[in-house]
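1. The sequence and its predicted three-dimensional model are supplied below.
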Amino acid sequence: MAVQGEAFAPSDGNRLNFGLVKGAVWLRFVVEAGSGCHEPVFLKLGNPFGNRVSVFRRVQGEGWTLEASPLDPVTGAGQLQIRQAMVPVNPLPDHAAEYLIRVAGPGPVLAAPTIVSGRGLADEVGDRTLLGGLLAGGIVSLVAYCAVLARLTRLRGLWAYSASALALALFYGIASGVFDRALLWLLPAGQDPFGAVQRVSGFAVAIAALFHWFFVRGLLAADAASWRKPWHAALLFGWLALAISLPFAATQAIALLSVAVTIAALVAVAAEIAAALRRAHPLARATAVAFGSLAVAATGFVAMYLGLLPWWPALIHATALGVWAEAILLSVAVGSQVRDLRGERQRLAERTQELSRLSQRDALTGLGNRRAYDRTVPETLDRCRRAGAAVSLLVVDIDHFKEVNDRHGHGFGDQVIQALSATVTCSIRTSDFAFRYGGEEFVLLLPGLAMARALEVAERVRSGMRDSRRAAPDGSQPVVSVSVGVAQMQPGDTAETLFARADAALYRAKAAGRDRVELETGGAGGAGAGPSGARFPA
Ligand SMILES: Nc1nc2c(ncn2[C@@H]2O[C@H](COP(=O)(O)OP(=O)(O)OP(=O)(O)O)[C@@H](O)[C@H]2O)c(=O)[nH]1
């Protein structure tokens, strides 16, 4: 290849691409004498996969000399990078110079020679710094994003996703040369940087694929804990241990292992998605589309790398786009799942509230049941005691209810219970409480009412019940009466002692002939401490 003076102008028009060739590629070019270019010009051998480049130079009339290896980062004085051989091609004013360049590597060889000016080279370094910045920013934001999402959704698999993204970023960083300096710095003296590039990138892809599998498992697994099986961790740590011993391992073996692990992990991901699709997991389809887009791009990239497809740099970006497409699709899917979960939580909260309300209601009368009684009475007594307010408790029991049932049937008995409930509800204020304590026994809790007013309420219930009539199945309108026992809270009273005194009063009302109101006769916890009993005969 002869480089003419006018062809020195760096432009994309000078880009030659020899594609992927197995073995070695030899390039020969001549720089003619006095070509009149004074700006430093370089032949850049784009060589993204870390092949070896040797440059031989011959000035007119002399023998071939091996240029200081352009791949030696030390002697290259900043012009040489691991995968970019920069060969200075400025012609001598009087002599033509001839160059022979050999590009070779253990795998496919790519040689894409480009003429760049010194300024172009500086721009390229700037571009690379920008790319490095974007990559670093992208990684940090992706990890932060995954952390926030993981916290919000409690989907642990998202940590695996950010680990996968980190590993993939490592691959891209290495493939694009962003991490060259770091890699050279880390590499023990005497180690082959090209082999290291291949091994580290192979490892990075395999680790990305492994973490991807963990992520998809975490996302789609039927049993949330199953993805954390110990052998997953063992696999991962085994792999990391291999990665640590990287510089000492054989390149070919490691490359093969990397490919095997990558393929196995990708097959596992596909199997996971297929199983989730069969189970109709809500995220299965989005994951299939997302993973599919990444898989198509990555397959194209690998095919290109293996020489099955023509070299097309855009495919590298397609893989990056695949990653982003996956990230976006999964975000949308996870977001919609979060929305569904929020809705579900809201519905559950409402249902729980409803159930808790129902669990404290008596089905026949709609009044508070025994559970509501047990919750409300101690609380109310406490509140009234602290406020220094009086509180009275009434126990109301239907007289001869067994007889009512026996004579007129249980249906009619139920109607009587409902009638008592209605009478009770009409006789108290909204701030009072009424409970169906047991079968035909009701309890009224009247905060703020002392004995005299409580008696009035009790009497209202008793007379109201007596006056209310309903037709029995036999056409008669039997009178159904109730007996009431009344007690007022005394210092030291508990719900139990207060109830016991009201119940004792009720017992006396029953004993005295029923259809009457009886007051307590004892004080808190026993006899003699309270107001004296009173009787309201029918
Ligand atoms: N119809 C109906 N009957 C009930 C219900 N709950 C309890 N009972 C009945 O109420 C009756 C209560 O009878 P007892 O405890 O002997 O009392 P009583 O017959 O009212 O006699 P005294 O209380 O002494 O006047 C029983 O026959 C129970 O079956 C209910 O929800 N519906």
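-> Thanks, I have it.
2. show me what contacts Ala295?
-> Counting by Cβ atoms under 8 Å, 6 or more residues apart in numbering, Ala295 touches Leu266, Ala270, Gly322. C-beta coordinates here come from the backbone N, C-alpha and C atoms, glycine included.
3. got the phi/psi numbers for it?
-> Per-residue torsions, Ala295: phi -60, psi -40 (degrees, to the nearest 10).
4. circling back: inside helices: which ones of the contacts of Ala295?
-> Leu266, Ala270, Gly322 (DSSP state H).
5. quick one on the thing from earlier: which one of the contacts of Ala295 is nearest Leu445?
-> Closest to Leu445 out of these is Ala270 (65.9 Å), distances taken as Cβ to Cβ.
6. Compute the number of surrounding residues for that closest one.
-> Number of residues near Ala270 (other Cβ atoms under 10 Å) recorded here: 16.
7. Show me which residues of this structure are close to the ligand?
-> 364, 397-403, 405, 410, 413-414, 417, 439-440, 510, 514 (Cβ under 6 Å from any ligand atom).
8. circling back to that earlier point, which of the contacts of Ala295 lies closest to the ligand?
-> Checking those against the ligand with Cβ to the nearest ligand atom, the nearest one is Ala270 at 61.9 Å.
9. Could you measure from that closest one over to Pro447?
-> Using Cβ to Cβ, to the nearest Å, Ala270 is found at 68 Å from Pro447.
10. for Ser392, same thing?
-> For Ser392, the distance to Pro447 equals 9 Å [Cβ to Cβ].
11. Repeat that for Leu166.
-> From Leu166 across to Pro447, the span is 64 Å (Cβ to Cβ).
12. Give me the domain ranges for the protein.
-> Domain assignment for the chain by automatic domain parsing gives 2-119, 129-343, 370-536.
13. Which stretches in the stretch 101-250 of the chain count as strands?
-> For the stretch 101-250 of the chain, applying DSSP state E, counting those that start in this stretch gives strands covering 112-117.
14. again, but for the stretch 251-400 of the chain
-> 391-398.
15. For Asn369, give me phi and psi.
-> The phi/psi pair for Asn369 (degrees, to the nearest 10) is phi -100, psi -170.
16. next one: Gly485
-> phi -110, psi 140.
17. Render the CA-only coordinates of stretch 259-278 in CSV, please.
-> Extracted as CSV, the C-alpha positions of stretch 259-278 are listed here (Å, rounded to 0.1, in the frame of the first residue of the first chain):
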residue,chain,number,x,y,z
VAL,A,259,-17.3,-19.6,26.4
ALA,A,260,-18.6,-22.7,28.1
VAL,A,261,-19.7,-20.9,31.2
THR,A,262,-21.3,-18.1,29.1
ILE,A,263,-23.2,-20.6,27.0
ALA,A,264,-24.4,-22.6,30.0
ALA,A,265,-25.6,-19.5,31.8
LEU,A,266,-27.4,-18.2,28.8
VAL,A,267,-29.1,-21.6,28.2
ALA,A,268,-30.1,-21.6,31.9
VAL,A,269,-31.6,-18.1,31.5
ALA,A,270,-33.5,-19.2,28.5
ALA,A,271,-34.8,-22.3,30.4
GLU,A,272,-35.8,-20.1,33.3
ILE,A,273,-37.7,-17.8,31.1
ALA,A,274,-39.4,-20.7,29.3
ALA,A,275,-40.5,-22.2,32.6
ALA,A,276,-41.8,-18.8,33.8
LEU,A,277,-43.8,-18.4,30.5
ARG,A,278,-45.4,-21.8,31.1
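18. gap between Leu321 and Val296?
-> 11 Å.
19. which residue does the stretch 201-350 of the chain bring closest to the ligand?
-> Going by Cβ to the nearest ligand atom, the ligand is nearest to Glu350 of the stretch 201-350 of the chain, at 29.6 Å.
20. Quick check: pLDDT value at that residue.
-> Glu350 carries a pLDDT value of 95.
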